[in-house]
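Enquirer: Here's a sequence, model it:
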Amino acid sequence: MEKFAFIVHPLAAKDFSRKFAFTKNWPDGLVEGVIKYIPPFKASHITGIQSPSTQSEGWFIGCPLTSRQMMEMPEKYVIEKIIKAGKVAEKLGAKIVGLGAFTSIVGDAGITIAKNLNIAVTTGNSYTVATALEGTRQAAQIMGIDLDKANVLILGATGSIGGACAQILAREVRYLTLAARNEEKLEKLAEQILRKTGLAVKVTANTKSALKSADIIIAVTSAIDSIIEPEDLKSGAIVCDVARPRNVSRRVAEMRNDILVIEGGVVEVPGDVDFGLNFGFPEGTAYACMAETMILSLEQRYENFTLGRELTVKQVETIEKLGNKHGFKLAGFRSFERAITANEIAAIKENVIINNQMQRRGIG
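Expert: Modelled structure (predicted):
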């Protein structure tokens, strides 16, 4: 039996009540004031993961800090608390630990944490990117967008994740635009893509202009604040927001019922898995970053797989191949930290059709 652990934390104060129901009616300030003094703990035992060749079990390790606390409290304090969570995983017998949500963002994105643990560490970003791209392909099909004719835009293309996405998508699309602040780096990436794939891509530093004509947007910038607002997008656009903190303003979800925003894929886990913890996903499914840790344990690849802010095409392709081998597959999409249903996507598509009809009639 292979063994892994995954560090989780409440994204917001209200999430703490998923594990400790008695805090359900506590004010956010009280929850955050109390949990910062609580040491990391075993949140649940994960059983039933069964690939065609082997089995794995694991544990969720709770690191009691909200996303806001992770970003605002002293970095040294936060990283030490994450390391303590990793030590809990070590004592339980895990051979690899995954970093969930903001625990994979703080500081140097896992490198310091890995140096202070005796087990392998991964952020899960490779499989997150793999499933985000697969999710984008499937979302385009559902929304009736032909990738061969679509204007595809990658925001933050000069970063490691953006660069990997650009190189992968350049093999599949005809109209690709790369956007970032550093035009010199953009030009170099465009030349590299031209040499490897034969595709001549556009480059621009004018993000707002590029957004208005894009059918599909992959957002992976390192911006601290949201950079995609409701007025930036054309009706029917698909935005895959892989960035953390997210690049898409929550106002898009509130004001545009004709835009599909996905953060990546919901992954179906092979076997009769029992997570022992409700994190708001459909039964038997998990975040891609969780799945990466499970895949590596099933493959017995107890190594630091995805760490830091560098990411290569090879890493993405390797973990996707291993995921397929062990029976993991995309089972839906998530949007703004929750699973989005097929009915909700159908409603977005219907709104796009209505908008198009109104435009043809000169209404709106």
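
Enquirer: burial count for Val248?
Expert: 26 (other CB atoms under 10 Å). Where you see a C-beta, it was placed from the backbone N, CA and C, and this is true even at glycine.

Enquirer: Ok, Val97 next?
Expert: Neighbour tally, Val97, other CB under 10 Å: 31.

Enquirer: Could you say which helix or strand holds it?
Expert: strand 96-99 (DSSP states H and E).

Enquirer: got the buried residues for the next helix or strand after that strand?
Expert: Past strand 96-99, further along toward the C-terminus, the next helix or strand under DSSP H and E is helix 111-115. Using 16 or more other CB atoms under 10 Å as the test for burial, helix 111-115 gives 112-114.

Enquirer: Dump these into a markdown table; add pLDDT and distance to Asp146 as well.
Expert: Formatted as a markdown table, those follow (pLDDT from 0 to 100; distance: CB to CB, whole Å):
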| residue | pLDDT | distance to Asp146 |
| --- | --- | --- |
| Thr112 | 95 | 45 |
| Ile113 | 96 | 43 |
| Ala114 | 96 | 42 |
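
Enquirer: got the buried residues for the biggest strand by length in the chain?
Expert: What stands out as the longest strand in the chain, according to DSSP state E, is strand 41-50. Buried residues in strand 41-50, counting neighbours by 16+ other CB under 10 Å, are found at 42-44, 46-47, 49-50.

Enquirer: which other helices and strands contact that strand?
Expert: strand 55-62, helix 75-92, strand 271-274 (3 or more CB pairs under 8 Å, 6 or more residues apart in numbering; DSSP states H and E).

Enquirer: average pLDDT for the second one?
Expert: Put plainly, it is helix 75-92. Taken as a whole, helix 75-92 has an average pLDDT of 97.

Enquirer: other SSEs contacting that helix?
Expert: strand 2-8, strand 41-50, strand 55-62, strand 96-99, helix 111-115.

Enquirer: The fourth one packs against which elements?
Expert: Helices and strands touching strand 96-99, as assessed by 3+ CB pairs under 8 Å, 6+ apart, comprise strand 2-8, helix 75-92, strand 120-122, helix 288-298.

Enquirer: hmm, who's touching the first one?
Expert: Right, strand 2-8. Contacting residues not belonging to strand 2-8 are listed as 40, 43, 46, 54-63, 82, 85-86, 88-89, 92-101, 103, 277, 279, 290, 293-294, 296-298, 300 [CB atoms under 8 Å, 6 or more residues apart in numbering].

Enquirer: repeat that with 6 Å
Expert: Under the criterion CB atoms under 6 Å, 6 or more residues apart in numbering, residues 56, 58-61, 63, 85, 89, 93-100, 103, 290, 293, 297-298 lie in contact with strand 2-8.

Enquirer: and if you look at the shortest one?
Expert: Residues outside strand 120-122 that contact it (CB under 6 Å, 6+ apart): 96-98, 110, 113-114, 292-293, 302-306.
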